[in-house]
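S.K.: Fold the following.
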Amino acid sequence: MSEELREQFEEAAQGVLELSKPPDDLVKLQLYALYKQAQEGDCKGKRPSAFNVVARAKHDSWKTLVGTSQEAAMRQYIDLVNALKEADEQGNERDAEDRARSAEEEPGKDEPERDE
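M.R.: Numbering: from 1, shown residues only. Next up is the predicted model:
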């Protein structure tokens with residue numbers, strides 16, 4: 001495994017923490033599974049009890065990656081985080097543009113004119 005790939009992976013792991021909003025639960029599971037596969041390889045251990053819903057979901061998500069190399073999991077993780085960061089930046093840009101447009105609009109602009 002190349003040192004460059006390892007560094008990109010660590011940067012991506014940090015980048016997830018810097019998103020303005022956390023990803024939805026399905027994306028979190030995907031991130032978890034890719035991270036575990038990249039760090040530890042194939043899923044090991046018994047499937048958690050159905051009473052432990054979160055642990056079971058994490059296990060099942062990780063289990064879907066059995067056979068994926070650690071390097072491939074790192075690349076997939078990096079790609080997913082980069083896509084999340086790009087979407088986050090675009091969302092922030094749209095929010096900033098919306099705020100700028102709102103500030104430029106004249107108060108009462110959309111109100112109907114009154115005959116006095």
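S.K.: for Lys85, what are its contacts?
M.R.: Neighbouring residues of Lys85 by Cβ atoms under 8 Å, 6 or more residues apart in numbering: 15, 18-19. Bear in mind the C-beta positions are built from the backbone N, C-alpha and C, glycine included.
S.K.: Now it, what are its backbone angles?
M.R.: Main-chain torsions, Lys85, degrees, to the nearest 10: phi -70, psi -40.
S.K.: separation between it and Asp25?
M.R.: Remark: distance between Lys85 and Asp25 (Cβ to Cβ, to the nearest Å) = 19 Å.
S.K.: So how do I select the buried members of the contacts of Lys85 in PyMOL?
M.R.: To isolate the buried ones among the contacts of Lys85 in PyMOL, judged by 16 or more other Cβ atoms under 10 Å, type:
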select buried, resi 15
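S.K.: How about residues contacting stretch 25-37?
M.R.: 13, 16, 22-23, 43, 57-58, 61-62, 64-65, 68, 70, 73-74, 76-77, 80-81, 84.
S.K.: Buried among the residues you listed? Need that as a selection in PyMOL.
M.R.: Buried residues within the contacts of stretch 25-37, by 16+ other Cβ under 10 Å, are selected in PyMOL with:
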select buried, resi 13+16+23+43+57+58+61+62+65+68+70+73+74+76+77+80+81+84
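S.K.: low pLDDT regions in the chain?
M.R.: Along the chain, the model assigns pLDDT under 70 to residues 96, 100, 105-116.
S.K.: CSV for the contacts of Lys85, including distance to Gln39 and secondary structure?
M.R.: Below are these laid out as CSV (distance: Cβ to Cβ, whole Å; DSSP: H, G, I helix; E, B strand; the rest coil):
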residue, distance to Gln39, secondary structure
Gly15, 16, helix
Glu18, 20, coil
Leu19, 20, coil
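S.K.: JSON lines for the contacts of Lys85, including distance to Gln90?
M.R.: Shown next, in JSON lines, are the contacts of Lys85 (distance: Cβ to Cβ, whole Å):
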{"residue": "Gly15", "distance to Gln90": "15"}
{"residue": "Glu18", "distance to Gln90": "15"}
{"residue": "Leu19", "distance to Gln90": "12"}
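S.K.: Next step: the contacts of stretch 25-37 restricted to helices.
M.R.: 13, 16, 57-58, 61-62, 70, 73-74, 76-77, 80-81, 84 (DSSP state H).
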